[in-house]
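Visitor: need the 3D shape of this:
(chains A and B)
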Amino acid sequence: MTNTSDPAKATATATASEHSTATSLRLEGLCRRIGGRAILDGINLEVAAGECLALLGPSGCGKSTVLRVIAGLDPCDGGRILLDGRDISEQKPARRRVAMVFQSYALYPHLSVERNLSLGMELRGVGPEQRERELVAVLELLQLSALRRRRPAQLSGGQRQRVALARALLRKPRLMLLDEPMSNLDAQLREELRPQLRAILRGGRAPAIYVTHDQQEAMGIADRIAVLQEGRLQQCGTPQELYHQPANLFVAGFIGRPQINLLPQGDGTVVGIRPEHLRAVGEGGLAVQVLSREWHGASQLLLLESAQGPLRWTCDGNQTLGDDLRLGWERRHEHRFRQAGGERC
Amino acid sequence: MSALLLMAPALLLLLAVFVWPLLDYAWLSLQAQSVFTGLEAVPVGTLNWQRLLVDGRFWQDAWQTLRFAAVSVGLELVAGLAIALLLHQRWRGRGVVRSLALLPWALPTTVMALGWRWIFNDPYGPINGLLQLLGLATLPFLAAPELAWLATVVADVWKTTPFVALLLLAGLQMIPGDLYEAFALEGGTPWQGLWRITVPLLRPYIFIVLLFRLAQALGVFDLIAVLTGGGPASSTESLAVYAYLNAMRFLDFGYSATVMLGMFLLLLAGAGGLLLWRRQTEVRA
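Guide: Got it, this is the predicted structure:
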């Protein structure tokens, strides 16, 4: 397993979260059990101040549970949650000073945008003048000023998401948690919002954990990605590391679209080769037949049949295909995994 | 034309069971029809209405009815919300308790009123039995005006709190749980959550409860008729009981209709006020 951390990019931009203190988060052997079943099984992670870590995994892998346990919404059944070196796992949610953006946004439906945003400050005893000042700043930052008197029901999905984010920023959190904040938005809006969200998360100095099942989103937003499956951490690293050096078969198959080709060898290993790394070769290589083809414009995806099983090949959209098609790859692009256990050789 | 035709069955039904009796009562309230007229209807103009305006017992009963409705519905709302909150939490045996909690509501009022009459019996009822056991004097629950009034309120709260709790529980289940989680993360306590989230979001359900329960409580008849008969000295008498007595004991049908209509007009004013209040709070919120 690789575990590198990007240097903290704590650039003090003039955002609503500029007062948030730089913090670092460390999970040590985090466990969560429900009825004897381990939902989280010894998660070790570190997130530096100003860093954004994406928790990526298929649905049901426990990634949202990690957030809930960190936030204190679910109990921690084992391990430690260290925020700036202090274990917070026994603290009440309110005391932890973490903010969370919920998948549903969890906006108070009976309150206007401004009341939604100022309620938390009210509860924390912030005076009316300061409330208004911070409210105006965050509305400005997230381009919500014109909407401050609207109710959540009168907002679009993207606007609601921004209100939820604004509320989280106003918490001045030591740690920012985001639970699939984009999953209720359409694909185009998601792509538009990604750079914005990235800038805002970088602007705050608090570490951020971003849960998603969408690898593109994870790669687009996060400094590092932690891949989770069945409550276990599979690999944690930069998007490049996950793509070039997948730690096991699961990560190899999960990261990269179209999916990696896995060719079982006779010696108990599996060779993985990404569809974009296959090349047409004159001599040698694997003889393949084209089964079907999807044209994507600049590229095309070919589904092929070979002696070693089916293959996916991404190639130039204009590539002409001869009758006698043979494919090869460079050795540096080859990944090799043990068939039993799936770890990288 | 065909629209009217299609609505006709419903309209006819409404006319038959609602509008016609109302018009009949309006007509009857302008007649004298009692033992003094040989039970024949004799037109007397607004004589019954003039009598109503100066009838101390009518206004006394109107006040008693209002007081009974306000206090018992108020208590039911508070107790119902508390029970709904309890039944909304997750705990073992909740399903059984949820069903059991509805029992008082399922009981016919007459039956439960008879039950309470026995419970309040002086000196043989269980409560007085308990008082005696503690070495205290028995209390004439149904024979002293204030105690009798309290007895009617207790019996009504016991019977209808489950209904209120059930409606409010349905409302609670409509509130997404993550609102409370977001609220907790922001530093809110559960008690603050009750006032900042639960009660505001329950408002439509509270309104329905008030509408149903006030209408029922202002027209209360069976509970009081069985438990106290309106006594002692008509101190627990409701308007519906008074109208019943006028017709069935004093055989004064014209005036009974007038009492009924008078009560109807008061109810209408109350319901109108409630609707107006709701519209205003909606606009403000």
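Visitor: tell me which helix or strand A:Leu30 sits in.
Guide: A:Leu30 is located in strand A:25-34, with elements delineated by DSSP states H and E.
Visitor: buried residues, the next helix or strand after that strand. List them.
Guide: Once strand A:25-34 ends, the next helix or strand along the chain (criterion: DSSP H and E) is strand A:37-47. By neighbour count on 16 or more other C-beta atoms under 10 Å in any protein chain shown, the buried set for strand A:37-47 is A:Ala38, A:Ile39, A:Leu40, A:Asp41, A:Ile43, A:Leu45, A:Glu46, A:Val47. Backbone N, C-alpha and C define where each C-beta goes, glycine included.
Visitor: do stretch B:117-130 as well
Guide: For stretch B:117-130, by 16+ other C-beta under 10 Å, it's B:Arg117, B:Ile119, B:Phe120, B:Asn121, B:Asp122, B:Gly125, B:Ile127, B:Asn128.
Visitor: which helix or which strand is home to the first one?
Guide: Right, the one you point to is B:Arg117. When elements are assigned from DSSP H and E, B:Arg117 belongs to helix B:109-119.
Visitor: distance of B:Val259 relative to B:Phe18?
Guide: According to C-beta to C-beta, to the nearest Å, B:Val259 stands 19 Å off from B:Phe18.
Visitor: quick one, which of these two is more surrounded?
Guide: B:Val259 (27 against 10; other C-beta atoms under 10 Å in any protein chain shown).
Visitor: the more buried one reaches B:Leu245, doesn't it?
Guide: No: with contacts counted by C-beta atoms under 8 Å, B:Val259 stays clear of B:Leu245, the gap being 9.2 Å.
Visitor: contacts only, for A:Ala252.
Guide: Contacts for A:Ala252 were tallied using C-beta atoms under 8 Å, 6 or more residues apart in numbering or on different chains; they are A:Pro246, A:Ile260, A:Leu262, A:Gly272, A:His335, A:Phe337.
Visitor: and with 10 Å instead?
Guide: By C-beta atoms under 10 Å, 6 or more residues apart in numbering or on different chains, the contact list for A:Ala252 reads A:235, A:242-243, A:245-246, A:259-262, A:270, A:272-274, A:335, A:337, A:342, A:344.
Visitor: so whichever residue of the stretch 101-250 of chain B sits closest to chain A versus A:Gln196, what's the distance?
Guide: Residue of the stretch 101-250 of chain B nearest chain A, by C-beta to the nearest C-beta: B:Glu186 (3.5 Å). Distance of B:Glu186 to A:Gln196, given as C-beta to C-beta: 23 Å.
Visitor: same question, A:Gln300
Guide: Using C-beta to C-beta, A:Gln300 is found at 33 Å from A:Gln196.
Visitor: and for the residue in the stretch 101-250 of chain A positioned nearest to chain B, the neighbour number?
Guide: When distances are taken as C-beta to the nearest C-beta, the stretch 101-250 of chain A reaches nearest to chain B at A:Gly120, 3.5 Å away. The number of residues packed near A:Gly120 is 21, by other C-beta under 10 Å.
Visitor: could you do the one 5 residues further on as well?
Guide: Neighbours of A:Gly125 under the rule other C-beta under 10 Å: 7.
Visitor: that one: what secondary structure?
Guide: Judged by DSSP: H, G, I helix; E, B strand; the rest coil, the three-state class of A:Gly125 is coil.
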